[in-house]
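Novice: what follows is a predicted structure for the sequence shown.
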Amino acid sequence: MADTAFRVAGCEVRAWNDEAWRQVRVRDGVPDNFLADPSRMGTFKAGGGKGGDLMAFTVDGKFIIKELNKGDHEALLRITSSYVERVFTGKSLLCTFYLHYTDPTTDKTYMVMRNLLAHKGPYVGLYDLKGCADDKTLEVNGRKVKAVNKRIWHLHMWGGECCWTEDRVTYYQGKVAARRLAITVTDEQREAIVERLKLDTAWLAANSLMDYSLLLGMCRVSRAELQSDPLLLWARSAPPGELRQPLLHLENGNDVMLVYVGIIDFLQTWTSGKRVAQCLKVMERNKATIPPTPYGQRFLEHFSRNIRGGAKAVEALPEEADEAQPELYVRAVSEAVSYYSCHSFEELRELSNGIDSPPAVNGVGKSPSSGRHKAARGGTFCFGGGRCFGGLWRAAA
């Protein structure tokens, strides 16, 4: 647990267990001074989680700096060695951490991780999925879904759906749709994802960790981009058995779908406080607050069922074309935040007027009649104005 000196944004900080984290940085070609320059750091903003912890992006969008509460800090100290071993197997979907540090001027602790979403977007769909009632739709066709939670102190929301705002209707329908989302990849990709999910959920349960999510991002590009984008060329040249992201598959027409998938927010330890919360939520169905072993089993079963093969693979490149992973995109901090956060940092009021979805396939997702729609629990999920989510997914059986 030895702490060492490290520079972040021009200031000296205490880096925890940095011998272990340096191994990950060396593996991925990340220099020790990757955050030393103050001009590289974006502005910290509320991350949208229940704890209100802050997060920031580097200006190029490559890295996320996230504040840790006391429990998360202690969990990361406890699992560091085991986590590094897990990600070095090459068969893990856990998001990659590079640094764990405390700022002595504020006594606040942070961790630094790689931004999984390496393309600027817009994203056809972006989801925070737990395989339970806490699933969320974050973005559709580049437009954010504003989080409007039904808290116990929001008394006006307990009078029925007729009392909900348009934003609440949109958010709720996105949650219902996210729970029923079927994720399509190639057969080979599905096999690799499920294999990694089995290993990761077993590791998470063994370390008493729960309440984590699967971050899923889907982005559409043209065939021309497939031939010219360095990151896509690198992904296509993966040797057998290696799962390089983004995952690629062909769609009808000339488009290619990119799929990003990774496990995030996995520092929640099963504590006495969680046991109390489980009791208080006894009336909730399919809740997130359950012990690590059943949480992992449900997580694995849900995604083993809802991640489906059958997509047409993109032609692979010969392995001799393989090179080092290229530099990620360069984009403004505001754009980086727009395409990762689990909560809107900017309100996009046009969402309440409807979200355009891609053309329906095989008749799924036809637009119903116009007008405001109630937050139905089945069938097609519409966001007002006669436009619907239906073309984005196929409901899981």
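Specialist: Nice, thanks for sending it over.
Novice: near Val185, how many other residues are there?
Specialist: 22 (other C-beta atoms under 10 Å). The way it works is simple: take the backbone N, C-alpha and C, and place the C-beta from them, glycine included.
Novice: which stretches of the protein have low pLDDT?
Specialist: Residue ranges of the chain with pLDDT under 70: 1-3, 48-52, 150-163, 272, 275-286, 319-397.
Novice: please enumerate the helices of it.
Specialist: Remark: helices assigned in the chain by DSSP state H are 18-27, 70-87, 166-179, 187-206, 223-228, 230-236, 272-280, 292-306, 333-338.
Novice: so which of those is the most surrounded?
Specialist: Highest mean neighbour count among the helices of the chain (mean count of other C-beta atoms under 10 Å): helix 166-179, with a mean of 22.
Novice: just the CA trace of it, in PDB.
Specialist: Extracted C-alpha coordinates of helix 166-179, given in PDB (Å, rounded to 0.1, in the frame of the first residue of the first chain):
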ATOM      1  CA  GLU A 166     -42.300  14.800 -20.200                       C
ATOM      2  CA  ASP A 167     -38.700  14.400 -19.000                       C
ATOM      3  CA  ARG A 168     -39.700  11.900 -16.400                       C
ATOM      4  CA  VAL A 169     -41.800  10.000 -19.000                       C
ATOM      5  CA  THR A 170     -38.800   9.900 -21.300                       C
ATOM      6  CA  TYR A 171     -36.400   8.800 -18.600                       C
ATOM      7  CA  TYR A 172     -38.800   6.000 -17.400                       C
ATOM      8  CA  GLN A 173     -39.400   4.700 -20.900                       C
ATOM      9  CA  GLY A 174     -35.700   4.600 -21.500                       C
ATOM     10  CA  LYS A 175     -35.200   2.600 -18.300                       C
ATOM     11  CA  VAL A 176     -37.900   0.100 -19.300                       C
ATOM     12  CA  ALA A 177     -36.500  -0.200 -22.800                       C
ATOM     13  CA  ALA A 178     -32.900  -0.700 -21.500                       C
ATOM     14  CA  ARG A 179     -34.000  -3.600 -19.400                       C
END
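Novice: now do it: distance to the chain's middle.
Specialist: Offset of helix 166-179 from its chain centre (C-alpha atoms, centre = their mean, to the nearest Å): 17 Å.
Novice: got it, and stretch 139-152?
Specialist: The chain centre lies 15 Å from the centre of stretch 139-152; the measure is C-alpha atoms, centre = their mean.
Novice: equivalent analysis for stretch 13-25, please.
Specialist: 24 Å.
Novice: contacting residues around Met113?
Specialist: Taking C-beta atoms under 8 Å, 6 or more residues apart in numbering as the criterion, Met113 is in contact with Phe63, Ile64, Lys66, Cys95, Thr96, Phe97, Tyr98.
Novice: contact partners for the fourth one?
Specialist: If you count contacts by C-beta under 8 Å, 6+ apart, Cys95 has them with Met113, Arg114, Leu116, Leu215, Gly262, Ile263, Ile264.
Novice: for the residues you listed, which two are the farthest from each other?
Specialist: Arg114 and Ile263 (12.9 Å; C-beta to C-beta).
Novice: how much space between Trp234 and Glu251?
Specialist: Separation of Trp234 from Glu251 (C-beta to C-beta, to the nearest Å) stands at 21 Å.
Novice: correction: the previous question concerned Asn69.
Specialist: Taking C-beta to C-beta, one finds Asn69 at 41 Å from Glu251.
Novice: and Tyr171, by the same measure?
Specialist: Tyr171 is 28 Å from Glu251, by C-beta to C-beta.
Novice: okay, now the domains of the chain?
Specialist: As given by automatic domain parsing, the domain ranges for the chain are 11-40+62-114, 183-321.
Novice: nearest to Asp167, of these?
Specialist: domain 183-321 (21.8 Å).
Novice: need the residues that contact stretch 256-263.
Specialist: Taking C-beta under 8 Å, 6+ apart as the rule, stretch 256-263 contacts 93-95, 116-119, 124, 183, 185, 189, 193, 200, 204, 212-223, 225-226, 232, 245-251, 311, 314.
Novice: render the CA-only coordinates of that stretch in CSV, please.
Specialist: Taking C-alpha atoms only, stretch 256-263 is exported to CSV below (Å, rounded to 0.1, in the frame of the first residue of the first chain):
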residue,chain,number,x,y,z
VAL,A,256,-20.8,-0.7,-40.0
MET,A,257,-21.9,-0.8,-36.4
LEU,A,258,-19.3,-0.3,-33.7
VAL,A,259,-20.0,-1.7,-30.2
TYR,A,260,-18.2,-0.7,-27.1
VAL,A,261,-18.8,-2.8,-24.0
GLY,A,262,-17.1,-2.7,-20.5
ILE,A,263,-17.8,-3.2,-16.8
